[in-house]
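Enquirer: 3D, please:
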Amino acid sequence: MPFCTNCGATVESSAAFCANCGVPQPHSIPPASEFLEGMSDRTASILCYIPVFGVIPAIVFLASRKFRANVKVRFNAFQALYLFVAWLIVSSAMPVFLLGIPGWGLEHAFIGALKLMIFICWIYMLIKASHQEQVRLPLIGDLAARSTMEQL
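Expert: As a prediction, the model looks like this:
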């Protein structure tokens, strides 16, 4: 705790004046503000749908105090997270399972088509979020809506 420059009394670190003598304190620290303070709902929703890397802002928005009660941003963040999980399954898990099937030589084309579909879905959701339209994807959208309602 700092002390008053005039009378030596203990003052709060955020106090602009001494409570004892009323003299202004020279080094009052302004209160800290949240780093997401100026971000709009539209911008937050758009950032969630950046292909592959949108998972990072989605997690930040779900954990932030500002968007804790915002149903629209939380829905978009959960939907983006579940879309990323689908991408991980198609990119990492499916090749392992499909390579184990004997005599099936189209696994690379099938996985490539699924990856392309998820990427197009990301771009579609990015455009819809920029127009402030909320789209519920099949399966993933239902999971996102349920997760949003459970967290409130």
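Enquirer: Which segments of this structure make up each domain?
Expert: What automatic domain parsing lists as the domains of the chain is 1-32, 41-151.
Enquirer: Throw these into JSON lines and include mean neighbour count, thanks.
Expert: Bear in mind the C-beta positions are built from the backbone N, C-alpha and C, glycine included. Below are the domains of the chain laid out as JSON lines (neighbours: other CB atoms under 10 Å):
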{"stretch": "domain 1-32", "mean neighbour count": "12"}
{"stretch": "domain 41-151", "mean neighbour count": "16"}
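Enquirer: which one of these has the lowest average pLDDT?
Expert: Ranked by mean pLDDT, those bottom out at domain 1-32, which scores a mean of 78.
Enquirer: Could you tell me how far that one lies from the centre of the chain?
Expert: Relative to its chain's centre, domain 1-32 lies at 38 Å (CA atoms, centre = their mean, to the nearest Å).
Enquirer: do stretch 141-152 as well
Expert: How far stretch 141-152 lies from its chain's middle: 15 Å, per CA atoms, centre = their mean.
Enquirer: Excluding chain neighbours, give the residue nearest to Ile140 in space.
Expert: In this structure, Ile140 finds its nearest non-sequential neighbour in Tyr82, 4.4 Å apart by CB to CB, 6 or more residues apart in numbering.
Enquirer: Enumerate every residue touching the most centrally placed residue in the chain.
Expert: Closest residue to the average C-alpha location of the chain: Ala58 at 2.0 Å, with CA atoms, centre = their mean. Neighbouring residues of Ala58 by CB atoms under 8 Å, 6 or more residues apart in numbering: 47-48, 76-78, 80-81, 84.
Enquirer: Pop out the phi and psi values for it.
Expert: In terms of degrees, to the nearest 10, the main-chain angles of Ala58 are phi -60, psi -40.
Enquirer: how close does Gly112 get to Ala80?
Expert: As defined by CB to CB, to the nearest Å, Gly112 lies at a distance of 22 Å from Ala80.
Enquirer: right, I mislabeled it, should have said Ser45
Expert: Taking CB to CB, one finds Ser45 at 9 Å from Ala80.
Enquirer: With Ser40 instead?
Expert: Per CB to CB, Ser40 is found 17 Å from Ala80.
Enquirer: Pull the contacting residues for Cys4.
Expert: By CB under 8 Å, 6+ apart, the neighbours of Cys4 are 10-11, 18, 20-21, 23, 25.
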